[in-house]
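In: Starting from these lines, generate the structure:
(2 chains)
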Amino acid sequence: MAATEEPPGGEPQRSAALGALTQAALALPILLASAKAGAAHVGEIGLAVLGYRERGLIKVTEPVLWGKLQLDDVWEFEASGALDMVSGASPELLTNLSGKPVQSVTGASVNDRRTTTGLRAKRRFGDFSLSVSRTVSNEHDYHSHAYSVQGELDLDQRLTTIALGVGRSDDRVGSSIDPALDEPRDTREYLAGVTQVLSPVSVVESTITLSRGQGYYNDPYKSTLTFYPDLVLPLFVTDTRPDHRNELAWLTRYRRRFPERNGTLQVDYRYFRDDWGIRAHTLELAWQQDFGERWSVRPALRYYMQAAADFYSPVVPRPQPAVLSSDQRLAAFGGLSPSLRVILRLEDGFTFEGSAGYVHDAASLRLGGGGSEAFSTLRAVYGIVSISRPF
Amino acid sequence: MRRVAAALATAVVACACSPVAPYQRGYLARPDMAMEPVDAGTAKALERTYSAKEAARGGASIGGGGCGCN
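Out: So this is what the prediction gives:
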């Protein structure tokens, strides 16, 4: 969660954040050393760095370090660590002071760091495999501890794979402007999916995840200020949301290789809905074109659209409702995001990837209209460079 | 949505009757045929970037933990 100022004791927290990332990094050489013990052991280690910049607002730099190891086709281990460094200005207030509701950026600047470490172990028992994972994420005002257990069953000579999983996340929400805030948010998750080989050149996967959350969902940094001509004082409301959120996400991904064209079509579609009234569709189309064994280029286009939450409003209505948020992430809008990725594979096993993308979210980009007028158009660019090496 | 689910289930069941021999699976093993066709670091970074700006999230996995991203 973004902070509006550096928290008291920022240096110790920064040290703790770097310590967590270092801890994740230290696990990776262990994986690497284990891999060299036997020829049947294979793995990969890599580093990616994301740079993200919103016009006039947030800048994010995020290094991600990860490693994978497979032992004798029985055990698989994954470890990752990421450090988000966020700086810039964050919109906090939505007010109609100028005549119509617009976002207002306060003078305070965001200066936040987030560390995430994840571990996953998977054991195969013939056609069945069982995996467990643990993820810990820490910001000075948000802490998350998540777990999951997932089973996968291969059928029909591994042409079909069924996956079932359960997970939970125990979170604590705080605030740098309200040190007394320390509220829980607990989430249970369920997953069911099927992967099906369709032909020697095509495969499809469809997964449904259900999420049932309970706890504190308010954004302590967001508020709404509305002036009415017949009122002496404006109405001021802090962000207030329901104390629960039940979500459904249905993701279907299709891959098809075209050998004669040296290319692969990648199609992802996700349908999302929750009991806040949000309905969202995400479609991504990508084509990876290979130029020999070393170079690949992958242009992609992602389209996203969502309906507004039932309690979203850019102004404080009269009478004042029990729940209200003017957070524009809960508004109705659409977004287009083209991107281009270049992949270079060297003979010694190193793989370099570079991605550049543009994000454009606007009320007018919502198909069928109905975008929220108060939505402030977002334009952002990002770039990701990564290096990985199998061993 | 129910119609789409039924069509998808039917397609999966029908396709399961068309075996693909192990020696025919070379293309299926390519990295670009994986459901997550980018490296793990890039995938995680992209996921967080979009989920910080949109109300929708998830679908591919569970156990990733929450985020107070603003």
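
In: Counting by contacts, list what the longest strand seen in chain A packs against.
Out: Looking across chain A with DSSP state E, the single longest strand is strand A:102-125. Contact analysis of strand A:102-125 by 3 or more C-beta pairs under 8 Å, 6 or more residues apart in numbering or on different chains; DSSP states H and E lists helix A:10-35, strand A:75-95, strand A:128-139 as its packing neighbours. Where C-beta positions appear, they are placed from N, C-alpha and C, glycine not excepted.

In: immediately after the first one, which helix or strand?
Out: So that's helix A:10-35. As assigned by DSSP states H and E, the chain's next helix or strand after helix A:10-35 is strand A:41-54.

In: Quick one: work out the angle between that next one and strand A:75-95.
Out: Orientation check (axes from the mean of the first three to the mean of the last three C-alpha atoms, to 10 degrees): strand A:41-54 against strand A:75-95 gives 10 degrees.

In: Just give me how far strand A:41-54 sits from the chain centre.
Out: Distance of strand A:41-54 from its chain centroid, counting by C-alpha atoms, centre = their mean, to the nearest Å, is 15 Å.

In: which is the next helix or strand following it?
Out: Assigned by DSSP H and E, the successor of strand A:41-54 is strand A:59-71.

In: Would you mark the buried spots in that following strand?
Out: A:60, A:62, A:63, A:64, A:65, A:66, A:67, A:68, A:69, A:70, A:71 (16 or more other C-beta atoms under 10 Å in any protein chain shown).

In: Out of the residues you listed, which are close to chain B?
Out: Among the buried residues of strand A:59-71, the residues lying close to chain B (C-beta under 8 Å from any C-beta of the partner chain) are A:60, A:62, A:64, A:65, A:66, A:68.

In: distance of the fourth one from residue A:138?
Out: Residue A:65 is 16 Å from residue A:138, where distance means C-beta to C-beta, to the nearest Å.

In: same question, residue A:67
Out: On the measure of C-beta to C-beta, residue A:67 and residue A:138 end up 21 Å apart.

In: do the same with residue A:372
Out: 33 Å.

In: before we move on, what about residue A:181?
Out: Residue A:181 is 16 Å from residue A:138, by C-beta to C-beta.

In: Also residue A:247?
Out: 23 Å.

In: picking that back up, residue A:181 and residue A:138: which is more packed in?
Out: Set side by side, residue A:181 and residue A:138 show more neighbours around residue A:138, with 20 against 15, by other C-beta atoms under 10 Å in any protein chain shown.

In: Residues in a beta bridge with that one, which ones?
Out: Using DSSP bridges, the bridge partners assigned to residue A:138 are residue A:115, residue A:143.

In: so, in contact with chain A or not, the helix or strand where residue B:42 lies?
Out: For residue B:42, the host element (DSSP H and E) is helix B:40-51. Yes. Contact of helix B:40-51 with chain A (C-beta under 8 Å from any C-beta) involves B:40, B:41, B:42, B:44, B:45, B:46, B:48, B:49, B:50.

In: wait, which of those is closest to residue A:387?
Out: Nearest to residue A:387 among the residues of helix B:40-51 next to chain A: residue B:41, at 9.3 Å, using C-beta to C-beta.

In: check contacts around the residue lying closest to that closest one once chain neighbours are set aside.
Out: In space, and not counting its chain neighbours, residue B:41 is closest to residue A:48: 2.9 Å by C-beta to C-beta, 6 or more residues apart in numbering or on different chains. Applying C-beta atoms under 8 Å, 6 or more residues apart in numbering or on different chains, we find residue A:48 in contact with A:63, A:64, A:66, A:353, A:384, A:385, A:386, A:387, B:39, B:41, B:42, B:45.

In: for chain B, which residue is closest to the average position?
Out: Nearest to the mean C-alpha position of chain B, by C-alpha atoms, centre = their mean, lies residue B:35 at 4.7 Å.

In: that's a strand at that one, yeah?
Out: No. Counting by DSSP: H, G, I helix; E, B strand; the rest coil, residue B:35 falls outside a strand, being coil.

In: What are the neighbouring residues in contact with it?
Out: A:195, A:205, A:253, A:255, B:60.

In: ok, what's across the strand from the first one?
Out: Spelled out, it's residue A:195. Beta-bridge partners of residue A:195, as defined by DSSP bridges: residue A:161, residue A:205.

In: Give me the pLDDT value at residue 28.
Out: I went with chain A, as the question did not name one. Looking at residue A:28, its pLDDT is 47.

In: try chain B instead
Out: At residue B:28, pLDDT is 96.

In: Could you confirm it falls within a helix?
Out: Yes. Judged by three-state DSSP, residue B:28 forms part of a helix.

In: In contact with the nearest residue to residue A:157 once chain neighbours are set aside, which residues?
Out: Excluding its sequence neighbours, the residue lying closest to residue A:157 (C-beta to C-beta, 6+ apart) is residue B:19, at 6.9 Å. By C-beta under 8 Å, 6+ apart, the contact list for residue B:19 reads A:156, A:157, A:159.
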